[in-house]
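*Asks:* whatever this is, show me its structure:
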Amino acid sequence: MAFLRSHSNASSGMGVADDCKDIFLELQRKKTHRYVIYKIDEKQKEVIVEKIGGATESYDDFVTSLPENDCRYAVYDFDFVTEENCQKSKIFFIAWSPSISRIRAKMLYAASKDRFRRELDGVHYEIQATDPSELDLDNLRDRAH
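*Replies:* Okay, here's the model as predicted:
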């Protein structure tokens, strides 16, 4: 009989590692991270933190950190200046599912996405990307303004 942690996803049986939410809160509240990349550990059957981008890292650093042939979830803290010259920040949730990734991976990430996304309270926008062109910085700018 499989043991599922209390915060597992009932529909897919996918759990969420405790530090996933803690690190997201550090990004959201303390601004100590620019981005967090999450992956599904298929053996442990839970979402785990794969990489944390430092506050000084760029959007290009983030995009190059995503694997070109495997799925990931990510959050990115996007800073911008409004037309009124105010500094603002919006948090994007990105579901990265490259068209060349395995069918099983795409299905697993798709089945677990909504449940995991709900764990991250405070995300402003969501992007589903299957190709690097869909991660263009202008897409974030257009949504954030």
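*Asks:* centre of the chain to the helix or strand where D138 lies, how far?
*Replies:* Counting by DSSP states H and E, the element that carries D138 is helix 137-144. Relative to the centre of its chain, helix 137-144 is centred 16 Å away, using C-alpha atoms, centre = their mean, to the nearest Å.
*Asks:* quick one: buried residues of that helix?
*Replies:* Residues 140, 144 are the ones in helix 137-144 that count as buried (16 or more other C-beta atoms under 10 Å). Bear in mind the C-beta positions are built from the backbone N, C-alpha and C, glycine included.
*Asks:* for it, packing partners?
*Replies:* strand 72-81, strand 87-96, strand 125-129 (3 or more C-beta pairs under 8 Å, 6 or more residues apart in numbering; DSSP states H and E).
*Asks:* can you list contacts of it?
*Replies:* Applying C-beta atoms under 8 Å, 6 or more residues apart in numbering, the contact partners of helix 137-144 are 59, 76, 78, 80, 88, 90, 92, 124-125, 127.
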